[in-house]
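[1] What shape does this take:
(chains A and B)
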There are 2 protein chains.
Amino acid sequence: MTTTIRSVVLFLGAVGAVSAGARSASAQRAPRELALAWSEVAPGVWRATAGSPERVSLLGTAGGSPQRDALARVGSASFPLSRREIVAQRVDGKLVLRFPLGAREQLYGLGLGFRALQQRGTVKELHVDHYGGSDNGRTHAPVPFYVSSAGYGVLIDVARYVTVYAGTAVRTDSRHPPEVRDRNLDKRWSAQPTSDAVEVLVPASGATVYVFAGPTPLDAVRRYNLYSGGGVLPPKWGLGFLHRVPTLFTAQQAADEVAQFASRGYPLDVLGLEPGWQSASYPGTFVWDRTRFPDPDAFLATMKRAGVRVNLWMNPYVAPSSPLFAALAPRSGSHTVWTGIVPDFTLPAVRAAVLEHFDRELVRRGVSGYKLDEVDGYDRWLWPDHATFPSGLSGEQMRQIYALAIQRATLDAFRARDQRTYGLVRASNAGAAPLPYVLYNDSYSHQEFITALASSGFIGVLWTPEVRSSRTSEEWLRRMQSVCFSPLAMLNAWSDGTEPWSFPDVADRVRDVMRLRIRLLPYLYSAFARYHFDGVPPVRAMALEPGFRVEQPAMPGAVSSTDNPYAVATQRDVRDQFMLGDALLVAPMFTGDTARSVVLPGGRWYDFYTGAFVGAGEVITVKPGLDRIPVFVRDGAVVPLLAGDWLHVPAPGEPADLELRHYGAEPGSFRLYDDDGTTFGYERGELSWTPLVVSRAADGTLRGETPAPPSGKPFGYRTLTWRMMTPR
Amino acid sequence: MTTTIRSVVLFLGAVGAVSAGARSASAQRAPRELALAWSEVAPGVWRATAGSPERVSLLGTAGGSPQRDALARVGSASFPLSRREIVAQRVDGKLVLRFPLGAREQLYGLGLGFRALQQRGTVKELHVDHYGGSDNGRTHAPVPFYVSSAGYGVLIDVARYVTVYAGTAVRTDSRHPPEVRDRNLDKRWSAQPTSDAVEVLVPASGATVYVFAGPTPLDAVRRYNLYSGGGVLPPKWGLGFLHRVPTLFTAQQAADEVAQFASRGYPLDVLGLEPGWQSASYPGTFVWDRTRFPDPDAFLATMKRAGVRVNLWMNPYVAPSSPLFAALAPRSGSHTVWTGIVPDFTLPAVRAAVLEHFDRELVRRGVSGYKLDEVDGYDRWLWPDHATFPSGLSGEQMRQIYALAIQRATLDAFRARDQRTYGLVRASNAGAAPLPYVLYNDSYSHQEFITALASSGFIGVLWTPEVRSSRTSEEWLRRMQSVCFSPLAMLNAWSDGTEPWSFPDVADRVRDVMRLRIRLLPYLYSAFARYHFDGVPPVRAMALEPGFRVEQPAMPGAVSSTDNPYAVATQRDVRDQFMLGDALLVAPMFTGDTARSVVLPGGRWYDFYTGAFVGAGEVITVKPGLDRIPVFVRDGAVVPLLAGDWLHVPAPGEPADLELRHYGAEPGSFRLYDDDGTTFGYERGELSWTPLVVSRAADGTLRGETPAPPSGKPFGYRTLTWRMMTPR
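    Below is the predicted model of the structure:
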């Protein structure tokens, strides 16, 4: 140990020499410090500007309004970091931010991830792009927000390619420098010495920075979501089943497909049409193709009669032959995408033209929503970073905000008709929680899709592990099981023409889980109400779960904290299971696996299907067979399901009965949310909360109470029947 | 066709509207045009400055002097592009450059590639980094130079992360806009409409830009290399065999290993020591470890007696316990790498301290060169982009030039002793041709290594497809065969302790090809003389070969040029074979393959081993068996080999005989280069060129002429014997 200690002394001594010497050697080296004046802009939310922020921002583009009352309900809090240790500097013409980082903190967020949730030790260049096989920061939602296991969050609200050194860069003047070790012989040598800071390089003149208090990581995420405007509350039909048909399907083929779902007994709420609904695509015309859809109104009326909404694919690049072209061409960027012009959606005139056209051609006719494709990447397809736009935004800025801007631009037509929408988008960014769009992409690893689901909950976005095709019936079933426990249950058959019954040997099981999806509507809808009113993401990684803690050194060379208090002790990165709502833990099965381990948070947990006890705060192994996706329920939880079988979620006014399931050995309760399911009435107070309570009777048994009257209306359920799931 | 034509008319009409409308909508959108004043700075080389170039540049850091006489020998030329179509603009605070691009041009270069040679249709963010599995611009030598099949080259000489849109970005005001097509139904639709420009985004206030004339692509590369200072002429021993031993080997173990090479009859010229030669590594001390090397002088004397040079691994990050630390600490960057300080090699005081220490500890004692590791990436290991350095350079600038600066800093100690060096480096950049370093990395795909070999010749760097270990004896043999036909024949056993004879069933064949490598010395040395004096890269992709042309539409949706004159007709990307010197075409075999196709340039070609005719300007299939790597020789070529078997390249003054091989049916000649092989005497005129001529006698037979006396001296060969390889 003598050598090591001597090295440390030398090192610290020399560090002083570095700083002093450097200053004398070259004055220009010293970065210019920028003031950071923090002000509490909402309960537990602080904002500061560093340098001169640019005109465009992510939150500004997303456009949500902070939910101040809801934030107040999360509670007041004090500033969660040492203000003194947050530093802003001007370096090389750019902004550099530094935030302190404790020895044992875990970091999450920093964009939608497909391979890992824990971010400490990474460098992320946050850049709107497709996911290209590595979590390098280029991703569909490169949200510059991170949440710490220590219970706070940080957002850099800037529409630029921000680089985050998440505990990687080590400064010579670090207050907690890592120990110097000899790689030749010291087994404790680490390839990644521990840094005591998060450093952020912002290639701009300035940025607006937010800090969100906890006290828990989930509270920090809640504050971030509520400050963004609160999470989206989809229409009820959005939580049903969505099927997308092959790209050149005609109206008749689409109607036949819908009829098949009904006749075979598979639920269907939304039909998705792909590029072929348009008279031309890539670039698009945004008008119906009269060959394949000779009478759009008649087609949409047929769909309506079948109880099925219609979602339309589009990307935003406008063909010269589109009726929108004349209005948009002077208001588009300097470069084309697939020969289409790129409208500048930050211009009011563009939004007005799109609103008018979309309303007249689509919304007025009954279209329920969109799939907004290719607003993410690749670089070689989209406009270059140096493209210019009439608003004055650069290509880089536009790349970061384009998906937010187009999501927003599509909403006015629906809001004007007091209709909610719910669709798909390939990119997003900070502030997206209130936007009624779910992310998807072109990659297709089932495992990565589940990691993305878990990742989405850190950054205020939604993700669907869509099903397209499969090599085997086992894979087909496992994917369909997963997607039915996600924010958007979708079979995306645009290319392959698959149908839920495409694999006959598992067709019944697929139907079962699709029907279960519909039965979950009351539970899911209440989970989304929690997203909207309380900021709690409906899908969450285990790291956000109270009582979840799996510590395990994961970094090479990590040692005990006695030996090195600044070694990174990374928690095991549990990325193959997630929470859905407050009660359900979902642990998908992957092709080829007959068993899997499940990490249970603290407390007792029960099997969703049988109510049987499975474990408490431990790692269990389950062998569910093919029939079921493993789902577990927290002790005392109440899970409301639709009673009976449904082929679509209940329409407004359609009578529905509820089965109120209780799991476990403890009393518990659930706040059942309801409203009309399709309008914005809930913003006008037209909503109800109904407490569902299981209490312990005098004889010690558990009993479901007769629900108290709903707190408001509408309340769409006819009968409510308790079912005690756990055998006594 | 009516629809298509109408679309085009609409499109062109509307494009005018875009430009006009945009200008009126927002004056700030219009990029500011910057003047470009081109001046011919050497024959066929033009330079212009755009904006205000930064103080540091790539060529300036590399430090070579333009070889004006040699450039004049390439010939005079006129400016190869339309000056009017080269545009510089200030956009978003950055510099944007645009170069015209013809419909059929192929582009090469833009950094060391591992997967593809042809660059048209790509976007490259040129950034010094390890190769991470995709050719995205992050690579060991991200040289911002491209060469066109039309016969010119372009260099952006700036130490920044430059993004090149190599025929991808399509402007609304393009002079040759791609046709608008409907993806729904038009089979000719392309995912990548053809662009008529290369656009370059330079995130800096300005840049120096060079254009190199042809007339051929090879001439453009030659001018680039000669302007950089001419290619490196390694010491002869550098073209022998290099073996690197495991990291903790002691002096005795190293000596034993060297003895084994001799006793087993395997050639060895250089022994490489890994981190264990230092008293500590990561960060390094730069002093010998006295446990493993108790008497460095005695060890080096032993090696010298064995005829073996010693190469030392190092990375540049300095430990507090190093004697260099005190001098370098005040002159290092703001961040550490593996807890070591990062010296600012652009400072004279740093170079002076390193020169003094390296000379005293290493060069004076007999060390022949270095392996400069980890000057490339990863981001999470190196300093961040916002790091600051005493010279005033930013982390980004330093990342781009660090490898160039450290290569240069190591040279003075050798030059002061009139000794050449030749070593390894993990990164480089523009202007590197004269630097005596060969690139290598951590990836290990044999196929990608060969593509990198071919790629290296476009951008003035050298690459070694080093051998480390193998799963099978077949793989072992195939890799050893390849590396013996590369600029640096190296077995890098630092981790695995492999030896050439590790696979007994192929040990003899490995020995054979290693001995062949040594026999090739006269040919290889002359090829490097061509690199030095004429700028011709010793290893070249087929695309640089006159008479090589394999046209094949490779882009999705590409059509005949009649239908669309701006469709990209990409040549077949032949990346698994390469030229070595002027005469040899090398076509490596990969594990599992018993046959392969070889694309022969125009003219007749012959088997290197037998002299048999194999084909002429065609694609042939060869089945060489395990014994041999396929090598082919151009008709009329003369290939000088050492006669007899050698266990190292000839030492200065060591008598050597030559076998002069002639291949084919035509007369031919070779200019045999020689000098003392180790000093810089060749710069003082101490060199010889000897014409080796095969002429046709009066009876029509071919006859090797008695060589004329060398043009100078030294000339190290004793007897020269003709061997007519091709049977008549």
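[2] Tell me who's in contact with the residue lying closest to A:Ala169 once chain neighbours are set aside.
    Sequence neighbours aside, B:Pro384 is the residue nearest to A:Ala169 in space, at 4.2 Å (criterion: C-beta to C-beta, 6 or more residues apart in numbering or on different chains). To be clear about C-beta, it is placed using only N, CA and C from the backbone, and glycine gets the same treatment. Contact analysis of B:Pro384 by C-beta atoms under 8 Å, 6 or more residues apart in numbering or on different chains lists A:Val123, A:Thr163, A:Tyr165, A:Thr168, A:Ala169, A:Glu199, A:Leu201, B:His335, B:Gly395.
[3] Just confirm the fifth one contacts A:Asp196, I think it does.
    Okay, so that is A:Ala169. No - at 10.2 Å, A:Ala169 and A:Asp196 do not qualify as touching, with contact defined as C-beta atoms under 8 Å.
[4] neighbour count winner among these two?
    Ranked by neighbour count (other C-beta atoms under 10 Å in any protein chain shown), A:Ala169 and A:Asp196 place A:Ala169 first, with 27 against 20.
[5] circling back to that earlier point, before we move on, what SS does the residue nearest to A:Ala169 have?
    Here B:Pro384 is recorded as coil under DSSP: H, G, I helix; E, B strand; the rest coil.
[6] before we move on, back to that, save the contacts of B:Pro384 as a markdown table, and put in pLDDT, distance to A:Leu647 and secondary structure too.
    As requested, the contacts of B:Pro384 are arranged in a markdown table below (pLDDT from 0 to 100; distance: C-beta to C-beta, whole Å; DSSP: H, G, I helix; E, B strand; the rest coil):
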| residue | pLDDT | distance to A:Leu647 | secondary structure |
| --- | --- | --- | --- |
| A:Val123 | 97 | 49 | strand |
| A:Thr163 | 98 | 49 | strand |
| A:Tyr165 | 98 | 52 | strand |
| A:Thr168 | 96 | 52 | coil |
| A:Ala169 | 96 | 56 | coil |
| A:Glu199 | 98 | 54 | strand |
| A:Leu201 | 98 | 53 | strand |
| B:His335 | 98 | 61 | strand |
| B:Gly395 | 98 | 60 | helix |
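[7] could you flag which of those residues are buried?
    A:Val123, A:Thr163, A:Tyr165, A:Thr168, A:Ala169, A:Glu199, A:Leu201, B:His335, B:Gly395 (16 or more other C-beta atoms under 10 Å in any protein chain shown).
[8] Farthest pair within these?
    In the buried ones among the contacts of B:Pro384, two members sit farther apart than any others by C-beta to C-beta. They are A:Thr163 and B:His335, at 13.7 Å.
[9] and stretch A:46-54, average pLDDT?
    Stretch A:46-54 carries an average pLDDT of 97.
[10] residues of that stretch that come out buried?
    Neighbour-count burial for stretch A:46-54, counted by 16+ other C-beta under 10 Å, picks out A:Trp46, A:Arg47, A:Ala48, A:Thr49, A:Ala50, A:Gly51, A:Pro53, A:Glu54.
[11] May I have the phi/psi pair for A:Leu393?
    Main-chain torsions, A:Leu393, degrees, to the nearest 10: phi -70, psi 150.
[12] Count the residues that sit near it.
    The local packing of A:Leu393 (other C-beta under 10 Å) involves 28 other residues.
[13] wait, doesn't A:Leu81 sit right on A:Leu101?
    No - using C-beta under 8 Å, A:Leu81 is not in contact with A:Leu101; the gap is 9.6 Å.
[14] Neighbour count: those two, which is higher?
    Applying other C-beta under 10 Å to A:Leu81 and A:Leu101 shows that A:Leu101 carries more neighbours, namely 24 against 19.
[15] who are the neighbours in contact with the more buried one?
    Counting by C-beta under 8 Å, 6+ apart, A:Leu101 touches A:Leu107, A:Arg120, A:Ser148, A:Gly167, A:Ser195, A:Asp196, A:Ala197, A:Val198.
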